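Novice: Got a sequence here, can you build the structure:
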Amino acid sequence: MKTRNFIAFAMAGFFGLALITSCGGGKTGDQAKTDSTAVSAAPAAVPSAEEMAKGKAIFETPGKCITCHQANGQGIANVFPNLVGSKFLLEQKVLAVTQVLNGSAKVGNKTVKYPAPMPPQLATKEEAVAVINYVLNSFGNQGGVVTMDDVKDVVVDPR
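Specialist: Presented below is the predicted three-dimensional model:
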């Protein structure tokens, strides 16, 4: 019965994508490769309490991150990426900000293919930095911070 419930839940989530603004996609886990957009993975700092609160509020907004990545950041296996200990997220912080702003057409990695791309979620770099810093430092992650200076060259695609 558990298996049938899980399959029904996963299918409902997949088909519900057409009805909601989803947040998921990009690479997670071991498949991410460091590139020129990477910021040091060593946690040099932590976000302020104010920025964490702002990032949490954005993450928990219905129709945003929480919808797909869930309240615990673990996503739904093979449907929406896990943010807990995500090598992509921790090693490519600037690219993570870019994906929150512009979405991601790449959906998957070497082992997991997600059923839908991540559409753009936010309109400003300030909001994107806040939510990424929240995720970098929540769910057991100790990912440090990405700064506005780190993302100064990120271009927000016109919608």
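Novice: so where is the protein shaky, pLDDT-wise?
Specialist: Residue ranges of the chain with pLDDT under 70: 1-44, 106-111.
Novice: switch to 80 and redo it
Specialist: 1-44, 105-114, 159 (pLDDT under 80).
Novice: Tell me which stretches of it form helices.
Specialist: Using DSSP state H, the helices of the chain run over 2-16, 49-59, 65-69, 87-91, 93-102, 125-136.
Novice: Can you add distance to Val146 and mean neighbour count and give the ones you listed back as JSON lines?
Specialist: (Each C-beta comes from the backbone N, C-alpha and C, glycine too.) Supplementary listing: the helices of the chain in JSON lines, determined by distance: least, C-beta to C-beta, whole Å; neighbours: other C-beta atoms under 10 Å:
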{"stretch": "helix 2-16", "distance to Val146": "29", "mean neighbour count": "11"}
{"stretch": "helix 49-59", "distance to Val146": "11", "mean neighbour count": "16"}
{"stretch": "helix 65-69", "distance to Val146": "16", "mean neighbour count": "23"}
{"stretch": "helix 87-91", "distance to Val146": "10", "mean neighbour count": "21"}
{"stretch": "helix 93-102", "distance to Val146": "4", "mean neighbour count": "24"}
{"stretch": "helix 125-136", "distance to Val146": "6", "mean neighbour count": "24"}
